[in-house]
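> what follows is a predicted protein model with its sequence.
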Amino acid sequence: MLLSKGFEVEMYTGTPTGDIVGLSDRIVADLDRFSREPDSRNVEYTTAPFCDYDILLCDLVRPRQQLRHYLKTLGDYTLIPGSTLSLGDSRRFFRSDPGNPYHDYIEQSYGSKVVTASVHINVGINDPEALMRAARLIRVEAPLYLALSASSPFLDGEITGYDSTRWSVFPQVPQTVPLFESHGHFIDWTQEQLDLGTMQNVRHLWISVRPNGDRRPYNLNRLELRICDLIVDPIDLLAVMAFLEARIWQTLLDPSLDPLERSTLPASHRSEDLLALTMANEQAAAKDSLDATLRHWQDGREILARDWIEELYAEILPLAKSKGIRCFLSPIQRILRDGNPAQQWRRACEQGSSPREQMMREIEGAIAREQDLEDQLCSLMAA
C-alpha cells in the first residue's frame with residue numbers, strides 16, 4: 001500500500017526566448033484546474049491525490065499539455081522553467097487580481113520576493129500525531145529536498161551566486177516557527193499567531209514544511225513540503241516524491257524516528273537547537289545546494305548535502321523495493337551525479353553560455369520530454 005500524494009505546480013508563462021509574460025487572468029478564465037497567483041506572470045495547477053505513480057505522472061503532464069496548446073492560441077507563448085524571474089523584471093509587481101485585499105497585503109509586505117515558481121508536494125497522513133511527527137522529521141531534512149531541486153541561479157538575467165535564489169529571498173512567515181511537539185501545540189500556536197497578526201489567515205504559514213488539511217489547524221490530513229524549487233522534469237519530480245514517501249513511511253513504521261527523541265543534542269534546549277540548525281541548513285542549501293556543508297540533526301556533525309542524501313538513499317532503498325517504488329526513486333542517483341538544474345545551468349554559463357541560452361534550451365527540452373511521456377505512457381493508459 002502506498003500513501004496518497006499530489007502536487008501544486010507553479011509555472012511562469014512567456015516567450016520561447018525566455019521572457020516572462022503575465023497571462024494568468026486569461027488562463028484562469030478559460031481553463032479549468034488552473035488558479036492565479038498574486039502576480040500574473042505565474043499560474044498554478046494541482047493534481048488530484050493518487051497513490052499510483054504512473055497515474056500521478058500523467059496527471060502532471062496532461063494539464064501542462066493542455067496549457068501549452070492554449071498558450072499557442074494567444075500567440076507565441078510557452079512555459080518557462082526555473083523558480084525566479086530569470087530574465088526579469090523583478091522590480092515590478094504585475095497584479096493578477098487587483099481587487100483582492102489579501103493580494104494587496106502580499107504586494108505591500110513582500111513585493112516581488114514572492115513572485116516565484118515552485119512545486120508543493122503533498123502526502124496524505126490521516127493520523128494527526130503521526131503527521132506532526134513526520135513533519136518534524138521532514139522539516140529538519142527539508143534542505144536536502146531543496147538541494148535536489150534547486151533551479152533558480154538567475155535573476156534579471158544575471159547569475160546570483162545562489163543555486164536557489166528563490167529560497168534565499170522568499171519570506172519566512174512568521175519569522176520563527178517551532179518544531180511542533182503535538183497537534184495541540186500546532187493548534188494553540190496558530191491561534192496565537194492569528195491573534196497577534198503575524199499570520200493574516202491559516203494559509204499564511206510560509207515555511208519549508210507545514211501540516212495541511214481541509215480545516216487548518218484542526219482537521220489535518222496531509223504533509224505539505226513547500227521548500228522545493230520548480231522541478232520541470234516529471235520523472236525527477238516523481239523521484240523526489242518517492243524519496244519523500246519512503247522517508248515518511250520510515251517514521252510511520254518507527255515512531256522513534258523523531259528528531260525531538262532521537263537527536264543527541266542537549267535535551268534541555270534540543271528543540272531550539274534543531275530549529276536554528278535547520279534554518280542555517282536551509283540557507284546553506286539555497287546557496288550551494290548539493291555541495292552545501294550542512295549540520296546533521298542527529299548529532300550536529302558537518303556533512304555535505306549530497307553525502308547525506310546518499311546515506312538516506314541507501315537506508316530507504318529496501319523499503320522502496322518493498323513498496324514497489326524503487327524504479328521511481330532511482331533518478332535521485334542521476335541528479336547526484338549530474339547535478340540539479342541550477343548546477344547544470346551555472347556550469348554551462350561558466351563555459352560561455354548565457355542565462356537566456358540556458359532558458360531557451362530548457363524550454364525546448366521540457367516540451368520534448370513531456371511529449372515523449374504523453375506518447376509513451378499516458379496515451380497507452382488512456383487507451
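The structure has been received and is ready for your questions. This one's a predicted model, so the numbers in the text were calculated from it and none came from an experiment. Numbers count the residues shown, from 1 in each chain.

> contacts, neighbours, all on C-alpha from now
OK.

> got the buried residues for stretch 245-257?
E245, A246, R247, I248, W249, Q250, T251, L252, L257 (16 or more other Cα atoms under 10 Å).

> which outside residues touch it?
Contacts to stretch 245-257, defined as Cα atoms under 8 Å, 6 or more residues apart in numbering, come from residues L3, V123, A130, R133, A134, L137, I138, D258, R262, I316, L319, A320.

> likewise for stretch 80-93?
Outside of stretch 80-93, the residues within contact range by Cα under 8 Å, 6+ apart are 11-16, 18-20, 39, 107, 111-113, 115-118, 151-158, 164-166, 229-232, 355-356, 359, 362-363.

> any idea how far apart the tips of that stretch sit?
Distance between the boundary residues of stretch 80-93 (Cα to Cα, to the nearest Å) amounts to 18 Å.

> in strands only, show me the contacts of stretch 80-93.
When DSSP state E defines the strands, the subset of these inside them is M11, Y12, T13, G14, F154, L155, E158.

> which of these count as buried?
Among these, those scoring as buried are M11, Y12, T13, G14, F154, L155 (criterion: 16+ other Cα under 10 Å).

> next, count neighbours for the residue nearest to the fifth one when sequence neighbours are not counted.
Using Cα to Cα, 6 or more residues apart in numbering and skipping the chain neighbours, the partner closest in space to F154 is S86 (4.7 Å). By other Cα atoms under 10 Å, 28 other residues sit near S86.

> what separation do you get for M279 and R270?
Relative to R270, and taking Cα to Cα, M279 is found at 14 Å.

> do the same with V123
V123 sits 27 Å away from R270 when distances are taken as Cα to Cα.

> so for those two, which residue has more residues nearby?
Shown here are V123 and R270; by other Cα under 10 Å, V123 has more neighbours (25 against 17).

> excluding sequence neighbours, find me the nearest residue to the more buried one.
Leaving aside its chain neighbours, V123 sits nearest to K5 (4.4 Å; criterion: Cα to Cα, 6+ apart).

> contacting residues for the one you found?
So K5 contacts A48, P49, F50, C51, I121, N122, V123, G124 (Cα under 8 Å, 6+ apart).

> which among those gets closest to R210?
The shortest approach to R210 among the contacts of K5 belongs to N122, at 9.8 Å (Cα to Cα).

> what about the nearest residue to that closest one once chain neighbours are set aside, how many neighbours?
Nearest non-adjacent residue to N122, counting by Cα to Cα, 6+ apart: E224, 4.5 Å away. Close neighbours of E224, defined as other Cα under 10 Å, add up to 24.

> which residues does S35 contact?
For S35, counting by Cα under 8 Å, 6+ apart, the contacting residues are S24, V28, V43, E44, Y45.

> need those in CSV with pLDDT, can you?
Listed next are the contacts of S35 as CSV, based on pLDDT from 0 to 100:
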residue, pLDDT
S24, 97
V28, 97
V43, 98
E44, 98
Y45, 98
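
> just checking, what packs against whichever strand or helix holds P318?
With the criterion set as DSSP states H and E, the secondary-structure element containing P318 is helix 305-323. In terms of contact count using 3 or more Cα pairs under 8 Å, 6 or more residues apart in numbering; DSSP states H and E, helix 305-323 is assigned the packing partners helix 128-149, helix 234-253, helix 326-329.

> can you list phi and psi of the most centrally placed residue in the chain for me?
With distances taken as Cα atoms, centre = their mean, the residue of the chain nearest its centroid is C228 (2.6 Å). According to degrees, to the nearest 10, the main-chain angles of C228 amount to phi -70, psi 140.

> what's the local residue count around the residue nearest to it when sequence neighbours are not counted?
Computed as Cα to Cα, 6+ apart, the closest residue to C228 that is not its neighbour in sequence is L146, at 4.9 Å. The criterion is other Cα under 10 Å. On that basis, L146 has 27 neighbouring residues.

> how about L317, what does it touch?
Taking Cα under 8 Å, 6+ apart as the definition, contacts of L317 comprise R326.

> next one: E8
For E8, the set of contacting residues under the criterion of Cα under 8 Å, 6+ apart consists of E44, Y45, T46, T47, V119, H120, I121, N122.

> rerun that using 10 Å as the cut-off
Taking Cα atoms under 10 Å, 6 or more residues apart in numbering as the contact definition, E8 lies against 44-48, 60, 118-122, 224, 226.

> pairing-wise in the sheet, spell out the partners of it.
Each beta-bridge partner of E8 is listed here: T46, H120, as defined by DSSP bridges.

> select only the buried ones of the contacts of E8 in PyMOL?
Only the buried entries of the contacts of E8 go into this PyMOL selection, using 16+ other Cα under 10 Å:
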select buried, resi 44+45+46+47+60+118+119+120+121+122+224+226
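
> go through the contacts of E8 and name the one nearest F34.
Of all the contacts of E8, the one with the least separation from F34 (Cα to Cα) is Y45, at 4.6 Å.

> ramachandran coordinates for the closest residue to D25 other than its chain neighbours?
Distance criterion Cα to Cα, 6+ apart; nearest residue to D25, sequence neighbours excluded, is S96 at 6.0 Å. Reported as degrees, to the nearest 10, the phi and psi values for S96 are phi -90, psi -20.

> now swap in the one 4 residues further on and tell me
When read as degrees, to the nearest 10, the backbone of N100 gives phi -90, psi 120.

> check contacts around it.
Neighbouring residues of N100 by Cα under 10 Å, 6+ apart: P38.

> any idea how far it lies from S24?
On the measure of Cα to Cα, N100 and S24 end up 15 Å apart.

> on that earlier part again, just flag the most distant two among the contacts of stretch 245-257.
Between all members of those, the longest pairwise span (Cα to Cα) is found for L3 and R262 and amounts to 24.5 Å.

> more crowded one of those two?
For L3 and R262, the more surrounded residue by other Cα under 10 Å is L3, and the numbers stand at 16 against 12.

> ok, now which ones touch the residue nearest to C228?
Under the criterion of Cα under 10 Å, 6+ apart, the neighbours of L146 are 163-164, 167, 208, 226-230, 282-283, 285-286, 289-290, 305, 340.
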